[in-house]
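Would you be able to build a 3D model of this:
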Amino acid sequence: MNDEITDNPEDPTPRVTRRSFLGLVGMGTFGAATTRTRRPRATNATTPPSTAAAPTTAAPATLGSTTVEATTVPRIPNTPGILVMVTLYGGNDGLNTLIPLDAAPYLTGRGALAYKASESLPLAEGLGLHPNLAGFKGLWDTKQLAIVRGVGYPNPSRSHFRSQDIWSSAVPATFERTGWLGRWYDSVSTDPLGMAAIASSVPRFLIGRKSSAVVVGGATASGGSSDFKIATRLLSQPDDSLGSLAARVRSTSADLGRVDTVFGPMLASQSSVSIQTATLEPGAVARAGNVLDDQLNVVARLIKGGAPTRAYAVSLGGFDTHANERANHARLMTILDQAVTGFLRVMAGDPNGQGVTVVVYSEFGRRLAANGSAGTDHGTAAPMFVAGAKVKGGFYGDQPSLTDLDQGDLKFTTDFRSVYSTLLSGVLGADPLSALDKPYANLGFL
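A predicted model of the protein is given here:
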């Protein structure tokens, strides 16, 4: 192959060389392809510690007259379970999710936004779930849902961006660009397939100093195209004459090519998996899908296909409910309930899904009192939800007081790093100190 794009009149598919693709990337033509896998800026990656399994070598791939170099990567560590993090962006209203039944301060403060006990799904200890969380109620009844109450951190920030930084990094006092799961993964491997985000970019909590999660986007989930596959392979070839930028492109493209090579066939082989239809009775009509369904359906297909990934990230936005909250929040609760419970039902019926644990959290809760726009403003502490077959269901942590407030907000009773510590040890079999600055209490829900 020469160094230009060539066209065969008998074959309408353009043929592109490695060097011409690098040129196209420089012009932005294939920028979207190369940004699907993001890495931290640090380039001084070191050999993974001995806790990782022995390396594995991939065979060279041949494209026409060009041979793509084989790559050697450490194997992904085996862990007791698989972690799926569900981020609710915008600040989910914890008080209208886990409802204090007939509590006078709640009813008075919320006014028309409040849910009466008769409207809620009662649990225990004077608390109930939002009426649209019937699937979560079913998980509670079967002891597969843990609700961690009053989760937060010292000196809370009511900024979406800063609070999300804190939740992602697990470092409240200073800015830290790496994430808690990224630091865990740094301690065990650098294989890019160990963590995955079903998104357009990698959330910070999946970014380490030596490596980061891969993004599974539309091209991979849909099987990709021949041009896309050729592009990633060509871009991943070495060429010392092209400098450091080309080396970065090569590294990113090699990761993306590995995602396509490994995940592509798995997704194709599990294309019929649907968390919307898996438990329907004969003749029943499938419910409509939603945006969180779409993401968790990709996760379900990868897990059922035997993907080596140990931590996944999905998300749902729209929780910044400053106005018209009741209807908007109810709609989001339905989306969350259907997607998570449908996903767990699929996992329950598959050998690869027995160790899956789903965690639902948001960057902060909402204030006790409603505002003047039929909504609620940024708050602080809120509940977290942990669900799965391995979970020991029930309440963990103390319910925050509705009268002893911090400038109108709930005071946190459970440090979020205790939740992370419990997940690290219970799901990933890890030493929590690989990701956290000091020991935190294990909450016992796993």
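
Could I get the average pLDDT for stretch 136-148?
Averaged over stretch 136-148, pLDDT sits at 98.

Tell me where the stretch 51-200 of the chain has strands.
Using DSSP state E, counting those that start in this stretch, the strands of the stretch 51-200 of the chain run over 55-57, 61-63, 66-68, 72-74, 82-88, 98-100, 121-124, 127-129, 145-152, 195-197.

which of these sits most buried?
strand 195-197 (a mean of 28; mean count of other Cβ atoms under 10 Å). Yep, even glycine has a C-beta here, placed from its N, CA and C like the rest.

Within the sheet, what are the partner strands of that strand, with directions?
strand 214-215 (parallel), strand 311-316 (parallel) (DSSP bridges).

circling back to that earlier point, tell me which of the strands of the stretch 51-200 of the chain lies nearest to residue 266.
In terms of Cβ to Cβ, the element of these nearest to residue 266 is strand 195-197, at 11.5 Å.

on that earlier part again, which of the strands paired with strand 195-197 sits closest to residue 82?
Across the strands paired with strand 195-197, closest to residue 82 is strand 311-316 (Cβ to Cβ), at 7.3 Å.

before we move on, back to that, can you redo the strands of the stretch 51-200 of the chain as JSON lines, where the extra columns are distance to residue 324?
Shown next, in JSON lines, are the strands of the stretch 51-200 of the chain (distance: least, Cβ to Cβ, whole Å):
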{"stretch": "strand 55-57", "distance to residue 324": "53"}
{"stretch": "strand 61-63", "distance to residue 324": "53"}
{"stretch": "strand 66-68", "distance to residue 324": "54"}
{"stretch": "strand 72-74", "distance to residue 324": "49"}
{"stretch": "strand 82-88", "distance to residue 324": "18"}
{"stretch": "strand 98-100", "distance to residue 324": "19"}
{"stretch": "strand 121-124", "distance to residue 324": "23"}
{"stretch": "strand 127-129", "distance to residue 324": "22"}
{"stretch": "strand 145-152", "distance to residue 324": "26"}
{"stretch": "strand 195-197", "distance to residue 324": "30"}
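
how many other residues sit next to residue 157?
By the criterion of other Cβ atoms under 10 Å, residue 157 has 17 neighbours.

if I look at it, how far off is residue 123?
According to Cβ to Cβ, to the nearest Å, residue 157 stands 30 Å off from residue 123.

re earlier: deepest of the strands paired with strand 195-197, which one?
strand 214-215 (a mean of 25).

And the helices in the stretch 51-200 of the chain, which stretches?
Using DSSP state H, counting those that start in this stretch, the helices found in the stretch 51-200 of the chain span residues 104-110, 134-141, 160-169, 180-186.

can you list the ones you listed in CSV and add distance to residue 375?
Below are the helices of the stretch 51-200 of the chain laid out as CSV (distance: least, Cβ to Cβ, whole Å):
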stretch, distance to residue 375
helix 104-110, 11
helix 134-141, 23
helix 160-169, 15
helix 180-186, 31
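
Out of the ones you listed, flag the one nearest residue 320.
Closest among the helices of the stretch 51-200 of the chain, using Cβ to Cβ: helix 160-169, at 7.3 Å.

contacting residues around residue 157?
163, 166, 364 (Cβ atoms under 8 Å, 6 or more residues apart in numbering).

Excluding covalently adjacent residues, which one is nearest to the second one?
The shortest distance from residue 166 to any residue that is not its chain neighbour, by Cβ to Cβ, 6 or more residues apart in numbering, is 4.9 Å, and that residue is residue 172.

what's around that neighbour, how many residues?
21.

before we move on, what about residue 366?
33.

okay, and the helix or strand of this protein with the least pLDDT?
Ranking every helix and strand in the chain by mean pLDDT, DSSP states H and E puts helix 31-34 at the bottom, with a mean of 32.

For the residue positioned nearest the centre of the chain, which residues are in contact?
Nearest to the geometric centre of the chain sits residue 313, at 1.1 Å (Cα atoms, centre = their mean). The contact partners of residue 313, by Cβ under 8 Å, 6+ apart, come to 84-85, 87, 195-199, 202-203, 205-206, 213.

And residue 402, how close does it get to residue 185?
39 Å.

do the same with residue 120
Taken as Cβ to Cβ, the span from residue 120 to residue 185 is 39 Å.

just to revisit the earlier point, columns distance to residue 300 on top of the strands paired with strand 195-197, output as a markdown table?
Listed next are these as a markdown table, based on distance: least, Cβ to Cβ, whole Å:
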| stretch | distance to residue 300 |
| --- | --- |
| strand 214-215 | 17 |
| strand 311-316 | 10 |
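
Lowest mean pLDDT across the ones you listed, which one is that?
The bottom spot among the strands paired with strand 195-197, by mean pLDDT, belongs to strand 214-215, with a mean of 90.

what about it, distance to the chain center?
11 Å (Cα atoms, centre = their mean, to the nearest Å).

Hmm, residue 373 is touching residue 326, no?
No - at 11.8 Å, residue 373 and residue 326 do not qualify as touching, with contact defined as Cβ atoms under 8 Å.

Let me know the secondary structure of residue 436.
Using DSSP: H, G, I helix; E, B strand; the rest coil, the structure places residue 436 in coil.

Go ahead and confirm it touches residue 170.
Yes - between residue 436 and residue 170 there is a contact under Cβ under 8 Å: 5.9 Å.

and the nearest residue to residue 301 once chain neighbours are set aside, how many neighbours?
With sequence-adjacent residues excluded and distances taken as Cβ to Cβ, 6+ apart, residue 301 is closest to residue 270, at 3.8 Å. Using other Cβ under 10 Å, the number of residues around residue 270 comes to 19.

how near is residue 270 to residue 287?
Counting by Cβ to Cβ, the gap from residue 270 to residue 287 is 20 Å.

before we move on, what about residue 296?
14 Å.

same question, residue 85
Counting by Cβ to Cβ - residue 85 and residue 287 are separated by 24 Å.

quick one, phi psi at residue 365?
phi -90, psi -160 (degrees, to the nearest 10).

list the contacts for the residue lying closest to it once chain neighbours are set aside?
Counting by Cβ to Cβ, 6+ apart, residue 382 is the residue found nearest to residue 365 once chain neighbours are left out, at 3.0 Å. Applying Cβ under 8 Å, 6+ apart to residue 382 gives the contacts 92-95, 97, 150-152, 362, 364-366, 410.

Beta-bridge partners for residue 382, please?
Here residue 382, judged by DSSP bridges, has bridge partners residue 151.

re the thing from before, which one's more surrounded, residue 120 and residue 185?
With neighbours defined as other Cβ under 10 Å, residue 120 and residue 185 compare such that residue 185 has more, 32 against 21.
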